[in-house]
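[1] need a structure here:
(one chain, ligands or ions: 2)
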Amino acid sequence: MPNGTLSQMSERTLRLYDTMTRQVKPLELVEPGHLRFYSCGPTVYSYAHIGNFRTFLTADLIIRTAQALGTRVTYVSNITDVGHLTQDDVADAGGEDKMARALQSKEGEQFNNVWELAEYYEDAFLEDWARLNLKEPQVRPRATQHMREQIVAAEQLIAQGNAYETPTGVYFNVESFPSYGKLSGNTQENLKKASREVVLDDNKRDQSDFALWKKDDKHLMQWYSPFGWGFPGWHLECSVMARMYLGETLDLHAGGEDLIFPHHECEIAQSEALTGKPFSNHWIHTRFLQVNGEKMSKSLGNYYTVRFLLEKGADPLAIRYALISGVYTKPLNFTDQSLSDAMGNIDRYRRSDAAVAAGLEAARPGDDAIGTLLEELYDQALDAMCNDLNTSVALAKALEGTRVILREAETLSLASAESGKVYLDRINDLLGIVRPERVLADLQTESAPKVDEARIGALIQERIDAKKAKNFALADQIRKDLEAEGIELRDTPEGTVWVLKSTL
Ligand code: AMP
Ligand code: ZN
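    Ligands and ions are numbered 1, 2, ... in the order given. Okay, the predicted model is just below:
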């Protein structure tokens, strides 16, 4: 066992696919026994959808598996509340700030200012996070609270010759960082050929130079800096906050697959230019959650929020179960079927928990008839998690344990019930699917009508087509008809979304 590898006395090692080296490899820790982990958090301009949570759940499962191996974890996950622009894939960072744009949308009307909007969606996010049994990070830093550090970093990069100022902002000069592209394969050479590299500022030295600071004295959220009024580029916050709370070299950095480029590539360039050290020793990215084979995203309007599913009557643990039921390295299709299967499995855990509690209470004499088998099943589930978070095998093994318990439910001896309790506790620690870990008030669900999402999706599409064909009467009729059913269509900057009126 190499020194510093994340392993247990039993020689178990957590092995994960590393985006940088493109192979599954053991998670090596700079400080033995201590995992220092940064995962990019949400942009709080709207409710997070369950696709976002799929990515956060990957991070959660890493933490749980590491802890099961006896490792201490320091976990940092940020809140992006400024600087994430609508065209963040363009190096210049084009479009509008997502936060400012949300304030100007219809939903934004309920807020006095962008700070209030950020706070509202952050609170909603933290509540969903808790409902899904996600582990709390030790630090949840906000971009707006780390402005000084970001400005200092931009100044330092300029002083070192890695960045320069133009009339519109400060840009990182990718030519000054020869290994730019090592994570994504988007080297400068490749980028020059990429047609989507829209250059908004002619003063840039190279078209792929990306924004560290945007000058803008009209922006809703602006700070004074040596470069004048403005706000930081989205990538800078993570470089600065990761280093501040976790040191110059992280053990592991995570996010969804869309963050590989440009976000993480740019984080690497900034951080490594600043410190001269590797930014992270391991990179992990979760493939997208899909709906009907398409990426779940706000702009496509095909997303579900946690609260929407809860209002439809889903159990939060079942949402969690469905979201982790496929391995993170493959896209996962979210369907009604996967959710109702998960509901059935969560129910098995609930019944097992109740049977064990009754067995402890009854205190029947007799041998422990299930302990050895349950221990084997737990070990197999843990092995599967150590094998690049193979959740489908881990969940199947764990579920077998409920069969073992439920088979004996009526006659469990005290000794068997004790083994059952140990098993369920350990499975809950590892996978978070047995019982809620926080006490939260119930959402109001009683008045929620049942809805047919596929039909609503088709009607939204019909309305878009009608508008395109300038048939506004039909478009309006579709909206009115849905409204009569208690479903409100909202045209947001990210596309048309629908909400149940009873949930407003
Ligand atoms: P955002 O709030 O847009 O900054 O996204 C927060 C996290 O969710 C990022 O790590 C994204 O990569 C991730 N993400 C966005 N859409 C999906 C999806 N459909 N499936 C999985 N992860 C996603
Ligand atoms: Zn980030």
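[2] Kindly report the domain assignment for the protein.
    Annotated domains of the chain cover 6-286, 453-500 [automatic domain parsing].
[3] The first one near ligand 1 at all?
    Pointing back at domain 6-286 there. Yes: if you take CB under 6 Å from any ligand atom as the test, domain 6-286 does meet ligand 1, through 40, 42-43, 51-52, 54-55, 80, 255-256, 258-259, 286. Heads up, the C-betas are built off the backbone N, CA and C, glycines and all.
[4] Enumerate the residues of the stretch 151-300 of the chain near ligand 2.
    Residues of the stretch 151-300 of the chain lying near ligand 2 by CB under 5 Å from the ion: residue 238.
[5] Let's see that with 8 Å instead.
    234-235, 237-238, 242, 255, 259, 263-264, 267 (CB under 8 Å from the ion).
[6] from these, which ones fall inside strands?
    If you go by DSSP state E, those have residue 255 in strands.
[7] Closest to residue 432 out of the residues of the stretch 151-300 of the chain next to ligand 2?
    residue 255 (20.3 Å; CB to CB).
[8] Tell me the bridge partners for the closest one.
    residue 285 (DSSP bridges).
[9] Distance check, residue 86 against ligand 2.
    Taking CB to the ion, to the nearest Å as the criterion, residue 86 is separated from ligand 2 by 17 Å.
[10] what residues are up against the closest residue to residue 431 other than its chain neighbours?
    Nearest residue to residue 431 in three dimensions, chain neighbours excluded: residue 398, at 6.1 Å (CB to CB, 6 or more residues apart in numbering). The contact partners of residue 398, taken as CB atoms under 8 Å, 6 or more residues apart in numbering, are 377-378, 381, 427, 430-431, 433.
[11] can you pull the buried residues of stretch 432-441?
    Neighbour-count burial for stretch 432-441 flags 432-434, 436 (criterion: 16 or more other CB atoms under 10 Å).
[12] List buried residues within the contacts of residue 398.
    Judged by 16+ other CB under 10 Å, buried ones among those: 377-378, 381, 427, 430-431, 433.
[13] So among the residues of the stretch 151-300 of the chain next to ligand 2, where is pLDDT lowest?
    Taking those together, the minimum pLDDT is found at residue 234 (90).
[14] What's the local residue count around that residue?
    26 (other CB atoms under 10 Å).
[15] do residue 470 as well
    Using other CB under 10 Å, residue 470 has 9 other residues around it.
[16] Over to residue 185?
    Neighbour number of residue 185 under other CB under 10 Å is 11.
[17] Would you check how far apart it and residue 260 are?
    9 Å (CB to CB, to the nearest Å).
[18] Pull up the per-residue confidence for residue 254.
    So residue 254 comes in at 98 (pLDDT).
[19] Name the nearest residue to it, ignoring sequence neighbours.
    Using CB to CB, 6+ apart, the closest residue to residue 254 is residue 39 (4.2 Å).
[20] what sits opposite the one you found in the beta ladder?
    Residues in a beta bridge with residue 39, per DSSP bridges, are residue 77, residue 254.
[21] and it, how far is that from residue 18?
    From residue 39 to residue 18 the distance is 15 Å (CB to CB).
[22] still on that earlier bit, inside helices: which ones of the contacts of residue 398?
    Mapping the contacts of residue 398 onto helices (DSSP state H) picks out 377-378, 381, 427, 430-431.
[23] Make TSV out of those residues and add distance to residue 336 and pLDDT.
    Shown next, in TSV, are the ones in helices among the contacts of residue 398 (distance: CB to CB, whole Å; pLDDT from 0 to 100):
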residue	distance to residue 336	pLDDT
377	29	98
378	31	98
381	27	98
427	26	98
430	27	98
431	22	98
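[24] OK, contacts around the residue nearest to residue 254?
    Contacts of residue 39 by CB under 8 Å, 6+ apart are 55-56, 59, 75-77, 137, 253-255.
[25] In the biggest helix by length in the chain, which residues are buried?
    The longest helix of the chain (DSSP H) is helix 336-362. Using 16+ other CB under 10 Å as the test for burial, helix 336-362 gives 338-339, 342-343, 345-346, 348-349, 352-353, 355-356, 359.
[26] sorry, back to before: between the buried residues of stretch 432-441, which sits nearest ligand 1?
    residue 432 (17.8 Å; CB to the nearest ligand atom).
[27] Please read off the pLDDT at that closest one from the model.
    For residue 432, the predicted pLDDT is 98.
[28] where's it relative to residue 311, distance?
    Residue 432 sits 22 Å away from residue 311, going by CB to CB.
[29] does residue 20 sit in a helix, a strand or a coil?
    State at residue 20, reduced to three classes by DSSP: H, G, I helix; E, B strand; the rest coil: coil.
[30] 209 is where my numbering starts, stick with that
    Happy to do that; since the first residue is 209 now, the last one works out to residue 228.
[31] Verify the contact between it and residue 389 for me.
    No: checked against CB atoms under 8 Å, the pair residue 228 and residue 389 is beyond contact range at 11.5 Å.
[32] all strands in the stretch 609-712 of the chain, in order from the N-terminus.
    695-700, 703-708 (DSSP state E, counting those that start in this stretch).
[33] Lowest average pLDDT across those strands?
    Note on the strands of the stretch 609-712 of the chain: lowest mean pLDDT is at strand 703-708, with a mean of 66.
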